[in-house]
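Visitor: Model the following, please.
(one chain, ligands or ions: 1)
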Amino acid sequence: MLFMVRMDVHVPRDLDQDTFEALKATEKVRAQELQRAGKWRHLWRIAGQYANVSIFDVADAGELHDIMLGLPLFPFMTTEVTALCRHPSAIADD
Ligand SMILES: O=C(O)CC1=CCC(=O)O1
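Guide: So this is what the prediction gives:
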C-alpha cells in the first residue's frame, strides 16, 4: 500500500542543540535504511519549511504506523497521512 505522509518538524526552543543534532543524525540513518529497503520511496523537502512530503510503500497502515512512531524525530513532528491508490490515467507501472 502506498501512503503520502507530510511531516512537519517542530523544534522546542529549549532543546539542547547537541541533542537535536544527534537526533537528526539518527533520523537520517533510519530514513536512508528505510529508503534502501524500498519502504520509504520518496522524500521531498517542502521548500521554505522544516517539513517534508514522503511516499511510503508498506504492507498496511499498521506497518506505516510502526515505522512512523519509531522515527527518532517523531516526538517533534506533526504528521498527516493520506492513503493512495492507482489513478486510472497513470502510465507508470508503480
Ligand atoms: O527533515 C525532515 O523533514 C525530517 C526527516 C525525515 C527523514 C529525515 O532524515 O529527516
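Visitor: Next, the residues that contact stretch 34-47 from outside, please.
Guide: For stretch 34-47, contacts defined as C-beta atoms under 8 Å, 6 or more residues apart in numbering pick out 2, 6, 31, 51-58, 63, 67. Using the backbone N, CA and C atoms, a C-beta is placed for each residue, glycine as well.
Visitor: quick one: which of those has the most company?
Guide: F56 (22 neighbours; other C-beta atoms under 10 Å).
Visitor: isn't D57 right up against M4?
Guide: No. Contact criterion C-beta atoms under 8 Å: D57 and M4 do not qualify, at 11.1 Å.
Visitor: Mind picking the two most distant members of the contacts of stretch 34-47?
Guide: Pairwise distances across the contacts of stretch 34-47 peak at 22.7 Å for A51 and E63 (criterion: C-beta to C-beta).
Visitor: ok, back up a step: in strands, which of the contacts of stretch 34-47 appear?
Guide: Counting by DSSP state E, the contacts of stretch 34-47 place 2, 6, 51-57 in strands.
Visitor: residues contacting L73?
Guide: With C-beta under 8 Å, 6+ apart, L73 has these contacts: 7, 9, 23-24, 27.
Visitor: pLDDT value on it, please?
Guide: Looking at L73, its pLDDT is 97.
Visitor: same question, the one 5 residues further on
Guide: For T78, the pLDDT comes out at 98.
Visitor: Give me the neighbour count for it.
Guide: With other C-beta under 10 Å as criterion, T78 counts 10.
Visitor: For it, give me its contacts.
Guide: Per C-beta under 8 Å, 6+ apart, neighbours of T78: 7-8, 10.
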